[in-house]
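A.B. asks: I'll drop the sequence and a predicted model, then ask my questions.
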Amino acid sequence: MTEVRVRIAPSPTGPLHLGTARTALFNFLFARHAGGTFILRLEDTDQARSTDAFERDIIDGLHWLEMTWDEGPAVGDEPECGTYGPYRQMQRLPRYREAADRLLAEDKAYYCYCSPEELDAERRRQEAARQSPRYNGRCAQLTAEQRVAFEAEGREPVVRFRIPPDRTIVFDDMIRGHVAIDTSALGGDLVIVRSDGTPLYHFTVAVDDAAMAITHVIRGEDHLSNTPKHILLFEALGSAVPQFGHLPLILNADRTKMSKRKSETAVANYRAEGFIPEAFVNYLALLGWSTGTEEEVLSLPELIDRFDLASVNKAGSIFDRERLEWLNGQWIRRLSPDDLIDRLRPFLEAEVAAGHIEWLPSDGELRALLPVVQERLPTLAAVGDLIGFLFVKDLEPDPALMIPKRWDAAKAASALRAARRTIAEVGRVSWEADEIEPPLRRLVEEGGWKVGDLFMAIRVAITGRTVSPPLFDTMVALGYERTLARIDRAIERLEAQPAVTP
RNA sequence: GCCCCCAUCGUCUAGAGGCCUAGGACACGACCCUUUCAAGGUUGAGAUCAGGGGUUCGAAUCCCCUUGGGGGCACCA
């Protein structure tokens, strides 16, 4: 049995896309499960749209998701690794040239002088006539004189690959099973080299997959109809045809192919929103695949262990952000304290930068908060919302929120004054959640109030909001002095309220 | 227009002819816990397995047709 060699071949014409990440993951899981080789190849032949920044984003994203490749291009100060390089297509130009020359010499390809304008006009004519768009073969049998004449006009030719008529290409897809497509449906002879001499996708993918000894091509279903072209090219090149596996697409909510127009497709944005890679990988793996058991929360090693391409679904699946958030919460709760602190830090720094909080908590402070924070975080970015009130100097709580139903401002103020006295008293002796709670409950009983009413008034007084971590833990985190100061300020604001006459 | 692929709760899925009066998870409702919010627990609602024909003693599972959806058909990848 030959060694498994698979590749992910993104093109740096945009930031790392969710779909690319998922395809990368399935290739990665397949390779690791089989003990094979996972290769990264950059398809940068679209020079008009490729940029270094996108390339960086793609590499960073894949690194973030902890997918490591065994062979790939040089990035930054990392040298290129692998013996089948280079792994950047723009550095492989001579190889495509050589392959194209061979096809030309064997008359499996030919020069075509049709201009883009002519081609475009022809395509429009066909569409108007309700015909399938296809190349009409005008340059397929040019004589030497005709070629010279075209050259004399200054026309720059492209190279077209001859698609044999009347042949049915059959292959056994690892996910979809038997697929048969007739060559008549392929749109006619295929351009493989642009007039500027740079090669096109269908050509480079076949040349490179052959040269890099790729054994399994695992990619999105959008390539299914293109596969016969690739098979024809492998054959013409005299190379072994790899196995194909076409993954179902990730869909927008309306079931169309996921697009940035309708969905959040950039992996970097999910990272910025505080999703963690464990959850992201877990979610992506389960989009279109399942273990067949009821396991849902799976680590990368567990995914590798259980992965099986044959059990991948055939139907496309809608990206469900709510489910991703749930998984993210699951994974956040599993992190160790130190790990979580490290991951939270950049998000807190961002809160400072955005002016939402005024200073950064120390590791010690953060660690003390973890027990009440960890199970409340759907994403890392939610941390600011959760405990941000601790790291601002002044709070101006809304009096309306401190007045329970059936109470008025005066009653709320006097209740808070009583609570303040109690808190001040206990706090002088001990400043622990378990010590603060009982006397306040006693106070509620004496006053004949409802627990929730008083506690909510205090909550709003010290946090400025109606939702917070548990009240007494919050007070401890805030500190004795600041707690009292905030209650004082809250009372002042209540007293400034005009008396309500019902 | 032509070609290809697909079809189980709103969503992700289990299901490889009898285990299915279709299971799990997310989301949703109720309850428990409870100082708010979470988390956790219990529980409920939610799918005539797109429709119609076959095959079979028996079909969500196999075959055919219809319908619906998606993808592809570039000097993009």
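C.D. replies: Here it is on my side, so go on.

A.B. asks: now find how far off-centre the helix or strand hosting A:Leu62 is within its chain.
C.D. replies: If you go by DSSP states H and E, A:Leu62 is part of helix A:52-64. Chain-centre distance of helix A:52-64: 12 Å, with C-alpha atoms, centre = their mean, to the nearest Å.

A.B. asks: give me the contact list for that helix.
C.D. replies: Helix A:52-64 has contacts (C-beta atoms under 8 Å, 6 or more residues apart in numbering) with A:8, A:10, A:12-16, A:20-21, A:24, A:40, A:42, A:44, A:69, A:75, A:267-268, A:271, A:277. For glycine as for every other residue, the C-beta is placed from the backbone atoms N, C-alpha and C.

A.B. asks: buried among these? Make that a ChimeraX selection.
C.D. replies: What follows is the ChimeraX syntax selecting those of those that are buried according to 16 or more other C-beta atoms under 10 Å:
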select /A:8,10,12,13,14,15,16,20,21,24,40,42,44,69,75,267,271,277
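
A.B. asks: show me the contacts of helix A:52-64 that map onto strands.
C.D. replies: If you go by DSSP state E, these have A:8, A:40 in strands.

A.B. asks: in helices only, show me the contacts of helix A:52-64.
C.D. replies: Members of the contacts of helix A:52-64 lying in helices (criterion: DSSP state H): A:20-21, A:24, A:267-268, A:271, A:277.

A.B. asks: now render those as JSON lines, adding distance to RNA strand B.
C.D. replies: Converted to JSON lines, the ones in helices among the contacts of helix A:52-64 look like this (distance: C-beta to the nearest atom of the strand, whole Å):
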{"residue": "A:Thr20", "distance to RNA strand B": "9"}
{"residue": "A:Ala21", "distance to RNA strand B": "14"}
{"residue": "A:Ala24", "distance to RNA strand B": "13"}
{"residue": "A:Val267", "distance to RNA strand B": "16"}
{"residue": "A:Ala268", "distance to RNA strand B": "18"}
{"residue": "A:Arg271", "distance to RNA strand B": "20"}
{"residue": "A:Pro277", "distance to RNA strand B": "18"}
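
A.B. asks: tell me the one of those nearest A:Asp308?
C.D. replies: Nearest to A:Asp308 out of the ones in helices among the contacts of helix A:52-64 is A:Ala24 (C-beta to C-beta; 17.7 Å).

A.B. asks: pLDDT score for the closest residue to the closest one other than its chain neighbours?
C.D. replies: In this structure, A:Ala24 finds its nearest non-sequential neighbour in A:Ile8, 4.1 Å apart by C-beta to C-beta, 6 or more residues apart in numbering. What the model reports as pLDDT for A:Ile8 is 97.

A.B. asks: please apply the same query to A:Asp77.
C.D. replies: We have a pLDDT of 79 for A:Asp77.

A.B. asks: neighbours of it, just the number please.
C.D. replies: A:Asp77 is flanked by 5 other residues according to other C-beta atoms under 10 Å.

A.B. asks: got the residues of the stretch 201-350 of chain A near RNA strand B?
C.D. replies: Counting by C-beta under 7 Å from any atom of the strand, the stretch 201-350 of chain A comes close to RNA strand B at A:201-202, A:221-226, A:248-249, A:251, A:254-257, A:286-290, A:292, A:294, A:296, A:310-311, A:313-318, A:320, A:322-323, A:325-326, A:329-330, A:333.

A.B. asks: from those, which land in strands?
C.D. replies: Filtering those for strands - DSSP E - leaves A:251, A:317-318.

A.B. asks: of those, just the buried ones, PyMOL syntax please.
C.D. replies: This is the PyMOL syntax for the buried subset of those, where burial follows 16+ other C-beta under 10 Å:
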select buried, chain A and resi 251+317
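
A.B. asks: dump the ones in strands among the residues of the stretch 201-350 of chain A next to RNA strand B to a markdown table, plus pLDDT.
C.D. replies: Shown next, in a markdown table, are those (pLDDT from 0 to 100):
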| residue | pLDDT |
| --- | --- |
| A:Leu251 | 95 |
| A:Ser317 | 96 |
| A:Ile318 | 96 |
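
A.B. asks: and of the ones in strands among the residues of the stretch 201-350 of chain A next to RNA strand B, the nearest to A:Ile462?
C.D. replies: A:Ile462 has its nearest neighbour among these in A:Ile318, at 42.3 Å by C-beta to C-beta.
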